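In: Got a predicted model here, sequence first, then my questions.
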Amino acid sequence: GIRTVLDGERYIEKVRPLDVDGGELRLQQRLIGVHKRGSGASIETESRLVDNDGNVFYKFISGAFALGAKNFKDAGVSYSAKVPIPDRAPDKIEEFKTSPFQAQIYRLSGDYNPLHIDPEQATAFGFKKPILHGLCSLGITVRAVLKAYADNDADRFKALKLRFSKPVIPGETVVTEMWQEGNRIIFLGKVKET
């Protein structure tokens, strides 16, 4: 059966900026597909962040990986796609050394999955040590892209699509390699120590 569920993929698109004075927003979500992937299943959901008038601010597609899922049939649609890395040296590279306590700090966002701090839980899920939250790794790599190509101006963010393929262990260095292809930035985050 299912041993754990991990972040697999994310698509985030800013449709319009959030009101700096705040407001009431709702997250509408629906299941769009379940598909066999390796030793488990990819479960894809589509979400929209909307106000009370139905105005869309952000669109999200999330692919979770259910490790150990079996005995099911593929259903629905999939937006999963591997983005090819250009066949040349990166145009820019940024490094970020994570803290050994990065997962404990990131837990303050509300993700209390014990996989990220408890060595016994990590081992039970097939990891040698607790791993960093996928969304923390996402934040590290996107920060690098914004720094390198947008002068740290988050208003210039439009959309991103990424796939989580290997975990980061707290304390490791995330190297973000970036390639500019027209108005798109293709990026690859990897661990320096491995």
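Out: Perfect, I can see it now. The model shown is predicted, which means the values in this text are computed figures rather than measured ones. Numbers count the residues shown, from 1 in each chain.

In: For the longest helix seen in the chain, give me every contacting residue.
Out: Identified as the longest helix of the chain according to DSSP state H is helix 134-150. The contact list for helix 134-150 (C-beta atoms under 8 Å, 6 or more residues apart in numbering) reads 6-7, 10, 92, 94, 96, 98, 102-103, 106, 109, 111, 152-154, 156-157, 160, 162, 164, 168, 174, 176, 178, 180, 185, 187, 189. For glycine as for every other residue, the C-beta is placed from the backbone atoms N, C-alpha and C.

In: mind listing what the helix or strand where residue 10 lies pairs with, with the direction of each?
Out: Following DSSP states H and E, the helix or strand that holds residue 10 is strand 4-14. Applying DSSP bridges, strand 4-14 is found paired with strand 56-67 (antiparallel), strand 159-163 (antiparallel).

In: which stretches of the protein form helices?
Out: 102-106, 119-124, 134-150.

In: Can you pull the phi and psi angles for the residue of the chain most remote from its centre?
Out: Each residue of the chain has a distance to the centre, and by C-alpha atoms, centre = their mean the biggest one is for residue 53: 28.7 Å. The phi/psi pair for residue 53 (degrees, to the nearest 10) reads phi -90, psi 0.

In: pLDDT at it, what is it?
Out: At residue 53, the model reports a pLDDT of 95.

In: Next, the contact list for it, please.
Out: When contacts are counted by C-beta under 8 Å, 6+ apart, residue 53 touches no other residue.

In: Would you mind measuring from it to residue 17?
Out: Residue 53 sits 16 Å away from residue 17, going by C-beta to C-beta, to the nearest Å.

In: Phi first, then psi, for the residue nearest to residue 155 when sequence neighbours are not counted.
Out: Closest residue in space to residue 155, ignoring its immediate chain neighbours: residue 17 at 7.0 Å, by C-beta to C-beta, 6 or more residues apart in numbering. Dihedral angles of residue 17 (phi, psi; degrees, to the nearest 10) stand at phi -70, psi 150.

In: Show only the entries of the contacts of helix 134-150 found in strands.
Out: Within these, membership in strands is found for 6-7, 10, 92, 94, 96, 160, 162, 174, 176, 178, 180, 185, 187, 189, as judged by DSSP state E.

In: and the residues you listed, which two are the farthest apart?
Out: Farthest-apart pair in these is 6 and 180; separation 29.9 Å (C-beta to C-beta).

In: still on that earlier bit, out of the helices of the chain, which comes closest to residue 49?
Out: helix 134-150 (15.6 Å).

In: Tell me the buried residues in stretch 100-109?
Out: 102, 103, 106, 107 (16 or more other C-beta atoms under 10 Å).
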